[in-house]
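Peer 1: Sequence first, then the predicted structure, then my questions.
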Amino acid sequence: MKELQRNDVYRWMEKGPIPEILPQLEEFGNQIKNGGLTTSQIRQVFSKMKAIEAKGFEGQRAAFLMIKPLMAYAAARHQKAKGLQSLKTKASWGIDAVFAGGEAEEAGRFKNFCKFFEAILAYHRAAGGK
């Protein structure tokens, strides 16, 4: 199976959930579970993302962008957790994709990022992530 690539992440952010990418996300969820990513690590990012979603993206652009350094810090603290490193990479691609292109489309791309991250979390849990 083809590994999840940057262009796949960008397409998801632009168009929303893409059925042919779901198997790649499922495999990625399994990889990050096997790489030692814990549910509490992924939930830290997920809870920040959901708080931004609840407040509205337009007023929370900076808070969303700050997820990148938060993940970089967490990945540096837990260097043995290769799953966290992988999640940081894919999430960073997604955050970059949200801000790529026009500002008018950012809110829609942010919603697509939320769906993307929710899918990763769900597949991580389905793979037995703890």
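Peer 2: Great, that's in hand. Keep in mind that what you see is a predicted model, and the values were worked out from it rather than measured.
Peer 1: drop to CA atoms for contacts and neighbour counts, all remaining ones
Peer 2: Noted.
Peer 1: which stretch of helix or strand covers residue 113?
Peer 2: Following DSSP states H and E, one finds residue 113 within helix 106-126.
Peer 1: Relative to residue 110, how far out is the residue of the chain most remote from its centre?
Peer 2: Farthest-out residue of the chain from its mean C-alpha position, per CA atoms, centre = their mean: residue 104, at 21.2 Å. With distances taken as CA to CA, to the nearest Å, residue 104 is found 11 Å from residue 110.
Peer 1: Residue 81 now?
Peer 2: Computed as CA to CA, the residue 81 to residue 110 distance reads 27 Å.
Peer 1: These two - which one has more neighbours?
Peer 2: Shown here are residue 81 and residue 110; by other CA atoms under 10 Å, residue 110 has more neighbours (27 against 19).
Peer 1: which ones are touching the closest residue to the more buried one other than its chain neighbours?
Peer 2: Using CA to CA, 6 or more residues apart in numbering and skipping residues adjacent in sequence, the residue nearest residue 110 is residue 98, 5.7 Å away. Contact partners of residue 98, counting by CA atoms under 8 Å, 6 or more residues apart in numbering, are 13, 14, 106, 109, 110, 113.
Peer 1: want to try CSV for those residues, with pLDDT and distance to residue 74 as columns?
Peer 2: Compiled in CSV, those are given as follows (pLDDT from 0 to 100; distance: CA to CA, whole Å):
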residue, pLDDT, distance to residue 74
13, 98, 24
14, 97, 27
106, 96, 26
109, 97, 25
110, 98, 22
113, 98, 20
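Peer 1: Need the residues you listed in TSV (columns: distance to residue 53).
Peer 2: Below are these laid out as TSV (distance: CA to CA, whole Å):
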residue	distance to residue 53
13	15
14	17
106	12
109	12
110	8
113	10
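Peer 1: What's the local residue count around residue 89?
Peer 2: Residue 89: 17 neighbours (other CA under 10 Å).
Peer 1: If I take the helix or strand where it lies and helix 106-126, what angle do their directions form?
Peer 2: Using DSSP H and E, residue 89 sits in helix 82-99. Here the directions of helix 82-99 and helix 106-126 differ by 160 degrees (axes from the mean of the first three to the mean of the last three CA atoms, to 10 degrees).
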